[in-house]
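**Student:** Here's my sequence, what's the structure:
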Amino acid sequence: MNQLKSREPGPDAAPAALPGTLSEPLRAELIAFRRDLHMHPELGNQEFRTTAALKERLEAAGLAPKVLATGTGLMCDIGTWDHGRPMLAIRADIDALPIPDTKTVAYRSTVPDRAHACGHDVHTTAVLGAGLVLAELDRQGRLPAAVRLIFQPAEEVLPGGAADAIESGVLDGVGRIIAVHCDPKVDAGRIGLRPGPITSACDRLEITLDGPGGHTARPHLTTDLVTAAARIAVDVPALLARRVDARSGLSVTWGRIAAGHACNVIPQHAELSGTVRCLDLPAWRDAPDLVHAAIDEIATLHRAKSTVDYVRGVPPVVNDPVVTELLRDAMTARRGPYAIEDTEQSLGGEDFSWYLEHVPGAMARLGVRVPGDTRVRDLHAGDFDVDERAIAVAVELFTGAALLDVAPKPPKR
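**Tutor:** Here you go, the predicted model:
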């Protein structure tokens, strides 16, 4: 991975003299807003308090947010769209995860077994902050084109809340869309960019196996479901590796196997659960048939009856090169080229991909690691936390993109 180092500004660096920089009072308000969200995490499609807090603050700024038809989440236009040039949309996801918050901080989650352990509170706060800054620029007559804010529920719930948000009309009049995702491997003050695929597809797989059980002394008279489940767990990934182009990155990984209750009884029922991930869009579209065939083949060999519940998740996020360049230009204008690094494609899934089935867009990785911190942190972990200076960086990125989104340059070659 090509990373620019050494001369970049730190997370406290003052942004370049573009309109719409954050005032210190607003910076402090946004940190307080993020901490409030962090203390009150809500799961997908249950984000009523979060939605109400966003609506109240946007209305206080003189804006007119609209709650989505799903009952949580909202959209809010800044400026007047003249039905000519399509709007730029800035998207945040607002839901939390069903895991405990294990940090010892003043803003630790107050809800048992709920935590903002993926940074959605940061995404939400950054889009709110960008909206407040852009609203002030619009009042001053300095916003070149209308912008739409999208606060989307249920990103963590397959197949993602983006589809419901799109059904609610959030993309009507939108021509491009941008977003960020927290990255604990990147220092605060920096972003990671990548044209093309930046995440993978992610589906959920549930398998049940059934057959006559019996005594472990006579496995030949039974359907040995423990062995059948073990062979599916081992052989399905191996078969797929020989039936799919290795460059597609198609992989099956198991998270749960359950069978039996006693050491001398062959069970009549077994279950496996896992995920299917894929780097390549065409291979992802073929994945259900390929996975079904591999499971059926192995189950039949072991005389087990198999039932497969293949739950479609999300396709890969494929960044549009032109919109990626818009983000690069915005960050360069704010903090210089050394605040940008190339990033790799991850195997994580993100329902931002559904928006890109309709309009071009791009997602940047937002650095949230405290510079110099050597601890290994990851997303979806109970101790996940961020350097809150990253909020201002994301606001600068979004506002810079909105101000530059007049005639995006073609991608560099």
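
**Student:** Spell out which helix or strand contains the residue lying closest to P65 once chain neighbours are set aside, please.
**Tutor:** Nearest non-adjacent residue to P65, counting by Cβ to Cβ, 6 or more residues apart in numbering: C76, 3.9 Å away. (Glycine included, C-beta is placed from N, CA and C.) Following DSSP states H and E, one finds C76 within strand 74-78.

**Student:** What ranges does the stretch 201-350 of the chain have for its helices?
**Tutor:** 225-243, 281-301, 321-335 (DSSP state H, counting those that start in this stretch).

**Student:** Name the stretch among those that sits most buried.
**Tutor:** helix 321-335 (a mean of 21; mean count of other Cβ atoms under 10 Å).

**Student:** And it, what does it pack against?
**Tutor:** Counting contacts by 3 or more Cβ pairs under 8 Å, 6 or more residues apart in numbering; DSSP states H and E, helix 321-335 is packed against strand 174-187, strand 191-193, strand 340-342, strand 361-369, helix 390-404.

**Student:** if we go to 6 Å?
**Tutor:** For helix 321-335, the packing partners by 3 or more Cβ pairs under 6 Å, 6 or more residues apart in numbering; DSSP states H and E come out as strand 191-193, strand 361-369, helix 390-404.

**Student:** can those go into TSV with extra columns for distance to R247 and mean pLDDT?
**Tutor:** What follows is the helices and strands packed on helix 321-335, written out as TSV (distance: least, Cβ to Cβ, whole Å; pLDDT from 0 to 100):
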stretch	distance to R247	mean pLDDT
strand 191-193	22	98
strand 361-369	22	97
helix 390-404	31	97
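
**Student:** Between those, which one is closest to A130.
**Tutor:** helix 390-404 (3.7 Å; Cβ to Cβ).

**Student:** Show residues contacting the closest one.
**Tutor:** For helix 390-404, contacts defined as Cβ atoms under 6 Å, 6 or more residues apart in numbering pick out 15, 18, 20, 22, 27, 30, 88, 90, 125-126, 129-130, 133-134, 147, 178, 180, 188, 326-327, 329-331, 333-334, 366, 368.

**Student:** same thing but 7 Å
**Tutor:** Contacts to helix 390-404, defined as Cβ atoms under 7 Å, 6 or more residues apart in numbering, come from residues 11, 15, 18-20, 22, 27, 30-31, 34, 88, 90, 122, 125-127, 129-130, 133-134, 144, 147, 178, 180, 188-189, 191, 326-327, 329-331, 333-334, 364, 366-368.

**Student:** Residues touching the strand holding C76, excluding its own?
**Tutor:** By Cβ under 7 Å, 6+ apart, strand 74-78 touches 51, 54-55, 58, 63-68, 131, 134-135, 138, 143, 146-151, 170.

**Student:** for stretch 367-375, same thing?
**Tutor:** Contacts of stretch 367-375 (Cβ under 7 Å, 6+ apart): 10-11, 119, 122, 182-191, 386-387, 390.

**Student:** Quick one: end-to-end length of that stretch, please.
**Tutor:** Distance between the boundary residues of stretch 367-375 (Cα to Cα, to the nearest Å) amounts to 15 Å.

**Student:** Tell me the buried residues in it?
**Tutor:** Buried positions in stretch 367-375, judged by neighbour count with 16 or more other Cβ atoms under 10 Å: 367-370.

**Student:** Adding distance to K103, write the helices and strands packed on helix 321-335 out as a markdown table.
**Tutor:** Converted to a markdown table, those look like this (distance: least, Cβ to Cβ, whole Å):
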| stretch | distance to K103 |
| --- | --- |
| strand 191-193 | 24 |
| strand 361-369 | 14 |
| helix 390-404 | 17 |
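
**Student:** re the thing from before, reformat the buried residues of stretch 367-375 as JSON lines; add distance to V111.
**Tutor:** Output for the buried residues of stretch 367-375, formatted as JSON lines (distance: Cβ to Cβ, whole Å):
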{"residue": "G367", "distance to V111": "27"}
{"residue": "V368", "distance to V111": "22"}
{"residue": "R369", "distance to V111": "26"}
{"residue": "V370", "distance to V111": "26"}
